[in-house]
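Colleague: With the input below, show me the fold.
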Amino acid sequence: MKLPSSREPVPLHARAMDNLSYIRGAIETAGAFTAVSGLGVSLVGVTALLAAWIAAGRATREGWILVWVAEALVAILISAWATAVKARAADLPLFTGASRKFALSFGLAVAVGALLTPPLLHSSASDRIPGMWLSLYGTGIVTGGLFSVPAVPVMGLCFVLLGVAGLFGPAAWGDVLMAAGFGGLHLGFGLAIARRYGG
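Modeller: Model (predicted):
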């Protein structure tokens, strides 16, 4: 003969609320790319400050661009490594719908910047390349950041504002704006993301 349980049964509405909370959390996690590594973003800022210092000493615009292209490759490697480490440590999926949307939104703006660089370099508007890069990079961060943590699109907007200053301000501001954007914004927002979202 089976003895009655001493525990009260869980009411149906309580189980339903638990299930809804679980489903809501799963949807939010699937819909956002949360593996952005604040420490990785900060490290990119440090290498960008070094690149800005080296680029400022180049005698030609071509040499200046080569320094920044090398920095972009270093930044891609750092970002990919740091994101993979954070995703593994937090047991987060790295390749999700949100991460693909982030990559497409961000990558398209950066690709446009790369395509526009050669014709601008060989024109009278070559001193506007820093403003163009900052603006398009910021645009990619804003649009890609819509699928990430809230601090990311805010950082992108700051890049766009620096880009506007580079496009319409004195050409002499180029190196300072590049250092402030790719160095300073990455460093500051990276530390904020690491503190707020872990890693």
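Colleague: Could you pull up the contacting residues of Phe121?
Modeller: In this structure residue 121 is Leu, not Phe. For Leu121, the contact set (Cβ atoms under 8 Å, 6 or more residues apart in numbering) comprises Arg61, Glu62, Ile65, Ile129. Using the backbone N, CA and C atoms, a C-beta is placed for each residue, glycine as well.
Colleague: rerun at 7 Å
Modeller: For Leu121, the set of contacting residues under the criterion of Cβ atoms under 7 Å, 6 or more residues apart in numbering consists of Arg61, Ile65, Ile129.
Colleague: just checking, next helix/strand downstream of the biggest helix by length in the chain?
Modeller: Residue-count comparison of every helix in the chain, with assignments taken from DSSP state H, identifies helix 61-89 as the longest. Downstream of helix 61-89, the first helix or strand assigned by DSSP states H and E is helix 97-121.
Colleague: Could I get the buried residue list for that next one?
Modeller: Residues of helix 97-121 classed as buried: Ala98, Ser99, Lys101, Phe102, Ser105, Phe106, Ala109, Val110, Gly113, Thr117, Leu120 (neighbour count, 16 or more other Cβ atoms under 10 Å).
Colleague: Show the average pLDDT along it.
Modeller: With pLDDT averaged residue by residue, helix 97-121 scores 87.
Colleague: just how off-centre is it within its chain?
Modeller: For helix 97-121, the separation from the chain centroid amounts to 12 Å (computed by Cα atoms, centre = their mean, to the nearest Å).
Colleague: Likewise for stretch 111-130?
Modeller: 22 Å.
Colleague: got the end-to-end distance for that stretch?
Modeller: Separation of the first and last residues of stretch 111-130 by Cα to Cα, to the nearest Å is 15 Å.
Colleague: Report the angle between the longest helix of the chain and helix 97-121.
Modeller: Helix 61-89 runs at 170 degrees relative to helix 97-121, counting by axes from the mean of the first three to the mean of the last three Cα atoms, to 10 degrees.
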